[in-house]
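# Got a sequence here, can you model it:
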Amino acid sequence: MTRYRLRGVALHAVLVLALLVFMFPFVWTIIMASNTTADIYRFPPKFSFGGHFGDNVRHVLDNVAFFQSMANTATVAISTTLLVLFFDSLAAFTFAKFRFPGRNALFVVLLATMLLPAQLAAVPQFQTMAILGWVGSLKALIIPGAANAFGIFWMRQYFKNSIHDELVEAATLDGCGFFGTYWHVALPSARPALAFLGIFTFVGSWNDYMWPLIVLTNPDHVTLQVALSTLNRAHGVDYSMVMTGALMAMVPLVIIFAVFARQFIKGATEGAVRG
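Numbers count the residues shown, from 1 in each chain. The predicted structure follows:
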């Protein structure tokens, strides 16, 4: 009994240590955002919270169109997430449960695209946006991100392992067509996978920096990450202001995760019980 108790204490100690390690960057960001840049450069460093957070927030709002940029980012992130959830799950269901000529070869080609760096597609993608007249518009961020290989692969593996072929055949015999089977059979059972893909896509879209920096030439349409990058001055960086902007940009992500993480856990538990 004592051995199991010691093992439990050791396990909890390791978990607490891991929690402290993972939480330190967030705590350090808050400390830097509540102090001045002079306090940040002090040695030994200051590990206590300061009283300048309100001043730093005002400096950020004075130097950046923060709320306008946040609205642009929210528009892009929400639109991209909804489109990815629909198109990726639809394509994944097709790959997982329907046989058609060239299915495996097409899926291999799809997986191969995951090996290509995103920077490689930047030039041809920009040329395509220029031909369509979308340079400087939020459409140049939303439409190219409407589907991705990772989401199709993730959802295809989930559909393949969680939905039996007999269930699809029964739905077909009951008169459900392809889309009806997808909507009424596949999607309800895939809530855990959809929740993960939705959170993953939203965070990636919210934090995207390279492509918006390239294609958004209209200052009124810049996203939050691009707007915050302007706080880095050529002749000096006010790190307290930069960290405050980063902290303010992080708040919506924390809220989104706090709201949807519970649904994700609930859906995963229901899926485990049904399985």
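
# contacts and neighbour counts: CA atoms only from here.
Noted.

# Show me where the protein dips below the pLDDT cut-off.
1, 233-236, 263-275 (pLDDT under 70).

# I142 is in contact with I78, isn't it?
No - contact criterion C-alpha atoms under 8 Å: I142 and I78 do not qualify, at 9.3 Å.

# Neighbour count: the two, which is higher?
Higher neighbour count among I142 and I78: I142, with 20 against 17, using other C-alpha atoms under 10 Å.

# give the contact list for L187.
Each residue near L187 by C-alpha atoms under 8 Å, 6 or more residues apart in numbering is listed here: S89.

# how close does it sit to V168?
Relative to V168, L187 is positioned 12 Å away (C-alpha to C-alpha, to the nearest Å).

# Using PDB, list the CA coordinates for the helix or strand containing L61.
Using DSSP states H and E, L61 sits within helix 53-63. Written as PDB, here are the backbone C-alpha positions of helix 53-63 (Å, rounded to 0.1, in the frame of the first residue of the first chain):
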ATOM      1  CA  PHE A  53      -0.700  47.000 -17.600                       C
ATOM      2  CA  GLY A  54      -3.300  49.600 -18.200                       C
ATOM      3  CA  ASP A  55      -0.800  52.000 -19.600                       C
ATOM      4  CA  ASN A  56       0.600  49.300 -21.900                       C
ATOM      5  CA  VAL A  57      -2.900  48.500 -23.200                       C
ATOM      6  CA  ARG A  58      -3.500  52.200 -24.000                       C
ATOM      7  CA  HIS A  59      -0.200  52.300 -25.900                       C
ATOM      8  CA  VAL A  60      -1.200  49.300 -27.900                       C
ATOM      9  CA  LEU A  61      -4.600  50.800 -28.800                       C
ATOM     10  CA  ASP A  62      -2.900  54.100 -29.700                       C
ATOM     11  CA  ASN A  63      -0.400  52.400 -32.100                       C
END
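
# Which SSE is immediately downstream of it?
Past helix 53-63, the next helix or strand by DSSP H and E is helix 66-97.

# Return the set of buried residues in that next one.
66, 68-70, 72-74, 76-81, 83-85, 87-97 (16 or more other C-alpha atoms under 10 Å).

# Could you do stretch 102-110 as well?
The neighbour-count check on stretch 102-110 (16+ other C-alpha under 10 Å) flags L110 as buried.

# try stretch 201-215
Buried-residue list, stretch 201-215, by 16+ other C-alpha under 10 Å: T201, F202, V203, S205, W206, N207, D208, Y209, W211, P212, L213, V215.

# The fourth one touches T80, doesn't it?
Yes - with the criterion set as C-alpha under 8 Å, S205 and T80 qualify as a contacting pair; they are 7.4 Å apart.

# Not including adjacent chain positions, what is the nearest residue to G151?
Distances taken as C-alpha to C-alpha, 6 or more residues apart in numbering place D88 nearest to G151, at 5.6 Å, with adjacent residues excluded.

# List the contacts of that neighbour.
A147, N148, G151, I152, M155.

# Same check on L216?
Shown in contact with L216 (C-alpha under 8 Å, 6+ apart): V135, G136, S137, L138, V222.

# Now with 6 Å, please.
Contacts for L216 (C-alpha atoms under 6 Å, 6 or more residues apart in numbering) come out as G136, V222.

# Dihedrals phi and psi, it?
phi -90, psi 90 (degrees, to the nearest 10).

# and the gap between it and L138?
Using C-alpha to C-alpha, which is the criterion applied here, L216 is 8 Å from L138.

# Strands of this protein, start to end?
232-233, 236-237 (DSSP state E).

# Now for T81: which residues touch it?
Residues counted as contacts of T81 (C-alpha under 6 Å, 6+ apart) are G198, T201, F202.

# So for the second one, what's the nearest residue that isn't a sequence neighbour?
Distance criterion C-alpha to C-alpha, 6+ apart; nearest residue to T201, sequence neighbours excluded, is T81 at 5.7 Å.

# what about the one you found, distance to V254?
Relative to V254, and taking C-alpha to C-alpha, T81 is found at 17 Å.
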